[in-house]
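>>> With the sequence up front, the predicted model follows.
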Amino acid sequence: MAMQLRELAEKLRCRLVGNDDVDVRRLAPLHEAGEGDLVLVVNARDLPALEATRASAVIVREGSPPCSKPALVTNDPYLAFVQALRLFYTPDRPTPGVHPSSIVAEGARLAEDVAIGPLSVVETDVTIGPRSIVGAQVYIGRGSHIGADCWFYPQVMVREGVEIGDRVIIHSGAVIGSDGFGYLKDGQGVRIKIPQVGRVILEDDVEIGANVTIDRATMGATRIKRGTKIDNLVQIAHNVVVGADTVIVALSGISGSTKIGDRVTLAGQVGVVDHVEIGDDVTVGAQAGVSKNLPPGGVFLGSPAVPHLAFKRSVAAVNRLPQILSTLKRIEARLASLEGAASERREGAQPSQSASDGGPQ
């Protein structure tokens with residue numbers, strides 16, 4: 001695919017500076033760019049590197065120093081670059097229909113233009129909405145509902161009774177609707193499995209990363225609300241509710257019955273204990289441990305997670321410990337020296353027994 005720079009500027013709503021009939025064939029990183037490539041330069045320090053490349057054009061921020069390359073100038077260069085990626089790199093859609101090696105049970109209902117890849121299984125009472133794509137070796141359990149324009153990559157497993165909205169993307173290895181981790185000890189101390197009879201609901205525009213596990217509720221529903229994005233290798237336990245437009249980054253674990261608000265960010269390796277609530281617009285930093293409710297709008301770090309300024313003060317104090325210990329040792333040595341000198345003065349000031357008795361009679 002090739003596009004003239006003037007056309008690209010119009011589509012991206014950028015101001016064009018320089019030759020407008022340059023052909024752009026692809027987007028490339030700055031260090032690999034060649035003829036026909038469009039690159040992104042956000043920092044002025046990268047402009048010398050830009051001049052050394054054969055890139056045909058560049059996206060830059062409004063107010064950047066001038067360069068010799070034709071430029072698309074915008075207040076939001078990252079957004080323009082993402083939009084350009086979406087123009088140049090549209091994924092290939094498979095041909096609609098069911099692959100001969102797949103099994104679609106009687107009673108399953110597939111809308112128009114649905115594509116089912118090789119070796120997949122669609123159980124009875126499943127509904128799949130228009131234009132949805134089910135990749136190879138995908139399993140969709142009995143009674144599940146899938147909306148329009150969804151894309152399930154190979155080896156996704158959707159257990160029974162899962163409800164999935166429109167435009168949901170699920171990456172390879174994800175398991176949606178596995179049993180919640182629930183056991184109860186009997187009188188002999190043996191753990192008895194608690195039946196997990198609830199379901200999972202993924203609302204519209206949710207994206208689930210590779211090897212994510214989302215457990216079905218014990219009763220009711222585990223729910224991921226509209227627009228939330230979940231990175232790879234995240235565990236979400238039974239009866240969790242995750243709010244809209246929230247981001248959960250890789251290797252995080254959310255314990256059962258936790259409620260997470262809207263527009264929350266949980267960075268990598270965050271752990272959350274069960275039955276806590278995290279308010280709207282909260283950010284929890286990497287490797288933090290959330291052990292109690294967090295109020296809306298805050299930034300929290302550490303384990304247990306505390307407000308970020310308190311955490312930074314604690315880290316600063318810890319970093320000063322060697323200096324503090326060294327100072328303490330000097331104070332102790334000085335104190336011991338002063339106490340020794342004082343003791344010697346006291347001993348020197350005490351008269352002898354014979355002198356106090358007035359000497360020999």
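Looks like it came in fine.
>>> Where does the prediction get shaky in the stretch 151-300 of the chain?
For the stretch 151-300 of the chain, no stretch has pLDDT under 70.
>>> Looks to me like Ala310 is in a helix.
Yes. Assessed by DSSP: H, G, I helix; E, B strand; the rest coil, Ala310 belongs to a helix.
>>> For the stretch 1-150 of the chain, which residues score under the pLDDT cut-off?
Short version for the stretch 1-150 of the chain, where the test is pLDDT under 70: none.
>>> Check the contact between Ile208 and Ile170; I expect there is one.
Yes. Counting by CB atoms under 8 Å, Ile208 does reach Ile170; the two are 4.6 Å apart. In short, each C-beta sits where N, CA and C put it, glycine included.
>>> what residues are shared contacts of these two?
Residues touching both Ile208 and Ile170 (CB atoms under 8 Å, 6 or more residues apart in numbering): Ile176.
>>> So Lys185 sits against Ile192, correct?
Yes. At 7.3 Å, Lys185 counts as touching Ile192 under the criterion of CB under 8 Å.
>>> shared neighbours, the two?
Contacts common to Lys185 and Ile192, judged by CB under 8 Å, 6+ apart, are absent.
>>> For the stretch 1-150 of the chain, which segments count as helices?
According to DSSP state H, counting those that start in this stretch, the stretch 1-150 of the chain carries its helices in the segments 5-12, 47-51, 77-88.
>>> mind putting those helices in CSV, mean neighbour count and distance to Glu344 included?
What follows is the helices of the stretch 1-150 of the chain, written out as CSV (neighbours: other CB atoms under 10 Å; distance: least, CB to CB, whole Å):
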stretch, mean neighbour count, distance to Glu344
helix 5-12, 18, 85
helix 47-51, 14, 72
helix 77-88, 16, 74
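>>> Which one, of these, ends up nearest to Met157?
Closest of the helices of the stretch 1-150 of the chain to Met157 is helix 77-88, at 28.9 Å (criterion: CB to CB).
>>> how much does the closest one deviate in direction from helix 5-12?
110 degrees (axes from the mean of the first three to the mean of the last three CA atoms, to 10 degrees).
>>> ok, residues contacting helix 77-88?
Residues outside helix 77-88 that contact it (CB under 8 Å, 6+ apart) are 1, 3, 8, 11-14, 26-27, 38, 40-42, 59-61, 72, 74.
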